[in-house]
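missing the sequence, but the structure's below:
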Ligand code: 5CA
Ligand code: ZN
């Protein structure tokens with residue numbers, strides 16, 4: 001499917017810095033050394049509701065990863081999926097009496113609009129689960145031939161015990177894995193499974209649900225984890241630089257994906273860094289479509305909120321932190337945006353050369369956006385209190401804030 005239009009990323013003078021980022025698998029910071037083309041896979045939405053600020057915060061983090069790489073003059077090969085067939089989407093369509101495909105298309109279109117408004121860089125390949133089915137089926141067939149998959153009443157499961165590295169992405173104990181599996185789309189209590197954690201690779205066609213030709217697998221639809229593996233391997237291959245998503249994807253989704261890929265290819269790891277963004281909450285609970293405690297990006301835009309302020313609000317928290325959205329978050333961002341815009345709208349100002357280096361240092365250091373924002377605040381405060389004579393400075397600040405933070409002043 002098509003993605004959304006790219007906003008231009010200004011080139012900055014001098015040298016960008018290599019990204020150091022937190023990797024869930026090793027539990028520490030890793031300095032990535034991508035080739036001339038950095039490769040990143042970010043898990044996309046399940047399109048049954050509009051983009052909320054939690055989604056936006058997560059996509060913001062991975063947009064920043066790309067901006068750090070682009071500043072090092074690398075190209076970025078970015079791939080994102082859309083889980084356009086899955087249980088929650090079918091359940092919502094059923095509840096609302098709408099066609100599941102129409103719902104998916106509508107919410108994906110709205111997501112594209114939100115991403116464009118927020119100036120998130122588009123993926124080079126934006127791939128739906130449905131269009132990936134022809135690539136998924138042979139992978140499941142191969143896993144079965146290898147003895148890594150088995151059938152249960154027509155459904156096909158992956159056997160986690162066939163992967164010697166199973167557990168190395170999320171590093172959780174068995175009890176925690178079992179609990180999270182039940183919470184996040186798994187079925188640990190289904191009788192007949194070899195291991196309660198085994199995830200489904202292919203679900204046999206159910207009455208009243210959409211299904212596709214699965215060759216030797218029979219009619220059905222793909223499991224969630226194999227979807228992302230098939231798309232990532234098809235477009236990026238093994239050993240790509242970053243797999244990203246919110247922290248709720250570390251287990252089971254990224255753990256299972258790494259496992260499928262390891263067994264299929266005999267290589268490890270699928271991604272050099274597994275990067276996870278914190279959860280954004282509202283009224284004390286994680287913002288989630290199933291709980292319904294949501295603030296939508298599109299609703300804020302409809303209310304006339306400048307998308308640059310939404311983006312600044314997201315940037316005011318470190319991407320790995322769990323945080324709460326409040327009205328004050330947005331008010332603070334609006335105030336900051338006004339100050340910054342006033343500061344860059346003068347014909348001259350204090351030199352911004354140091355600021356550019358401070359921004360590079362902060363962003364390459366595990367995307368430290370709070371420090372980056374403070375650095376721009378300091379320049380804007382100096383502009384307001386003393387001003388300066390550097391006629392290039394306001395333009396340079398505008399370009400640096402755009403290039404590294406994705407905010408249009
Ligand atoms: N389609 C799958 C990934 S393949 C999925 O998880 N879709 S989703 O629509 O549920 O979530 C999309 C992304 O937003 C995921 O990376 C998820 O971790 C992230 N996300 C969901 N809720 C929040 C939240 N409250 N705060 C931060 N990120 C969130
Ligand atoms: Zn995914």
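Thanks, I have it. Given the structure is predicted, the values throughout are model-derived calculations rather than measurements. Ligands and ions are numbered 1, 2, ... in the order given.

drop to CA atoms for contacts and neighbour counts, all remaining ones
Will do.

And stretch 114-129, end to end?
This stretch, stretch 114-129, spans 21 Å end to end (C-alpha to C-alpha, to the nearest Å).

what about that stretch, near ligand 2?
No: Stretch 114-129 stays clear of ligand 2 (C-alpha under 5 Å from the ion), getting no nearer than 9.9 Å.

in that stretch, what's buried?
Across stretch 114-129, burial judged by 16 or more other C-alpha atoms under 10 Å covers 114-123, 125-129.

for residue 149, phi and psi?
phi -140, psi 150 (degrees, to the nearest 10).

and if you look at residue 348?
phi -150, psi 180.

What residues does the residue nearest to it when sequence neighbours are not counted make contact with?
Closest residue in space to residue 348, ignoring its immediate chain neighbours: residue 391 at 4.1 Å, by C-alpha to C-alpha, 6 or more residues apart in numbering. By C-alpha atoms under 8 Å, 6 or more residues apart in numbering, residue 391 lies in contact with 347, 348, 349.

Please apply the same query to residue 409.
Contact analysis of residue 409 by C-alpha under 8 Å, 6+ apart lists 308, 337, 340, 341, 344, 398, 401, 402.

Show me the strands in this structure, by range?
With DSSP state E as the criterion, the chain has strands at 20-23, 28-31, 37-42, 75-82, 125-128, 149-152, 155-158, 200-204, 220-222, 240-246, 271-277, 280-282, 285-286, 323-324.

Redo those as a markdown table? Include distance to residue 183.
As requested, the strands of the chain are exported to a markdown table (distance: least, C-alpha to C-alpha, whole Å):
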| stretch | distance to residue 183 |
| --- | --- |
| strand 20-23 | 23 |
| strand 28-31 | 26 |
| strand 37-42 | 21 |
| strand 75-82 | 21 |
| strand 125-128 | 24 |
| strand 149-152 | 21 |
| strand 155-158 | 18 |
| strand 200-204 | 15 |
| strand 220-222 | 19 |
| strand 240-246 | 15 |
| strand 271-277 | 18 |
| strand 280-282 | 18 |
| strand 285-286 | 14 |
| strand 323-324 | 21 |
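
Go through these and find the least confident stretch.
The stretch with the lowest mean pLDDT among the strands of the chain is strand 285-286, at a mean of 88.

Relative to that strand, what are the paired strands and their orientations?
Sheet pairing of strand 285-286 (DSSP bridges) gives strand 280-282 (antiparallel).

Which residue comes closest to the residue in the stretch 51-200 of the chain that ligand 1 sits nearest to once chain neighbours are left out?
Using C-alpha to the nearest ligand atom, the closest approach of the stretch 51-200 of the chain to ligand 1 is made by residue 54 at 3.3 Å. Closest residue to residue 54 apart from its sequence neighbours, by C-alpha to C-alpha, 6+ apart: residue 280 at 4.9 Å.

And residue 213, its phi and psi?
phi -70, psi 120.

quick one on the thing from earlier: can you list which of the buried residues of stretch 114-129 are found in helices?
Judged by DSSP state H, the subset of these located in helices is 114, 115, 116, 117, 129.

Out of the contacts of residue 391, the closest to ligand 2 would be?
Relative to ligand 2, the closest of those is residue 349; by C-alpha to the ion it sits at 45.4 Å.

and the stretch 101-250 of the chain, which residues reach ligand 2?
residue 228.

Output the strands of the chain as CSV; include the columns distance to ligand 1.
Output for those, formatted as CSV (distance: least, C-alpha to the nearest ligand atom, whole Å):
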stretch, distance to ligand 1
strand 20-23, 15
strand 28-31, 20
strand 37-42, 7
strand 75-82, 6
strand 125-128, 10
strand 149-152, 21
strand 155-158, 17
strand 200-204, 14
strand 220-222, 12
strand 240-246, 3
strand 271-277, 6
strand 280-282, 4
strand 285-286, 5
strand 323-324, 8
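
State the number of residues packed around the closest residue to residue 137 other than its chain neighbours.
Using C-alpha to C-alpha, 6+ apart and skipping the chain neighbours, the partner closest in space to residue 137 is residue 214 (5.8 Å). Counted by other C-alpha atoms under 10 Å, the residues lying close to residue 214 total 22.

With the one 10 residues further on instead?
By the other C-alpha under 10 Å criterion, the neighbourhood of residue 224 contains 22 residues.

My guess is it contacts residue 86. True?
Yes: using C-alpha atoms under 8 Å as the test, residue 224 is close enough to residue 86 to be in contact (7.4 Å).

which ones are touching residue 346?
Taking C-alpha under 8 Å, 6+ apart as the test, what residue 346 contacts is residue 394.

For it, give me the pLDDT.
Note for residue 346: predicted pLDDT of 98.
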